[in-house]
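# got a sequence here, can you build the structure:
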Amino acid sequence: GSLHLTEAFGIRGAFNHNWDPYWSSSLFGSYVGVRHDGAAKAFICANYTTPGKAVSADYVCNPDFNLSQLGVITRWTPVKNLTFSAEFMWFHLDQKFQGSAVLGASAPKPTARYEFSDQDTFHLQLRAQRNF
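Modelled structure (predicted):
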């Protein structure tokens, strides 16, 4: 074993606006990047180029990735210590692998050919909070 350099960087920010004493909204976001050195990439990619993985002809191994998030939340506080809120967030994974490979069973997914691609997900949370 040896140590391999992995660099990560990120930035986050938020803005809150109080519309009146009862309503407020916030906009927030973040961005993270992860980069591996050549030795780390070679070590990780060696696992994906075995004959059992059956990678596609257009396969490119690059374990670097970026992750971004953007969200908005609106809060209503009709009385002191009681807040209702609605929060919506978008997450984006910008991964650098290309092509496809046969990946072994990993609960709950079966052994199958999987395509490497960027992914998006959305999240909505409704909340009622009472402080005592």
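# tell me what whichever strand or helix holds residue 72 is packed against?
Assessed by DSSP states H and E, residue 72 sits inside strand 65-79. If you count contacts as 3 or more CB pairs under 8 Å, 6 or more residues apart in numbering; DSSP states H and E, strand 65-79 packs onto strand 23-36, strand 82-95. Backbone N, C-alpha and C define where each C-beta goes, glycine included.
# give the residue farthest from the middle of this structure.
residue 79 (35.6 Å; CA atoms, centre = their mean).
# direction included, what does the strand holding residue 72 pair against?
Note on strand 65-79: by DSSP bridges, its sheet partners are strand 23-36 (antiparallel), strand 82-95 (antiparallel).
# tell me how far whichever helix or strand comes after the first one is from the chain's mean position?
Heading C-terminal from strand 23-36, the first helix or strand you meet, by DSSP H and E, is helix 38-48. When C-alpha coordinates are averaged (CA atoms, centre = their mean, to the nearest Å), helix 38-48 and its chain have centres 22 Å apart.
# now helix 38-48 and strand 23-36, what's the angle there?
Put simply, helix 38-48 runs at 90 degrees to strand 23-36, going by axes from the mean of the first three to the mean of the last three CA atoms, to 10 degrees.
# which parts of helix 38-48 are buried?
Across helix 38-48, burial judged by 16 or more other CB atoms under 10 Å covers 40-41, 45, 48.
# quick one: contacts of that helix?
For helix 38-48, the external contacting residues (CB atoms under 8 Å, 6 or more residues apart in numbering) are 2, 4-6, 36, 55, 59, 61-64, 97, 101.
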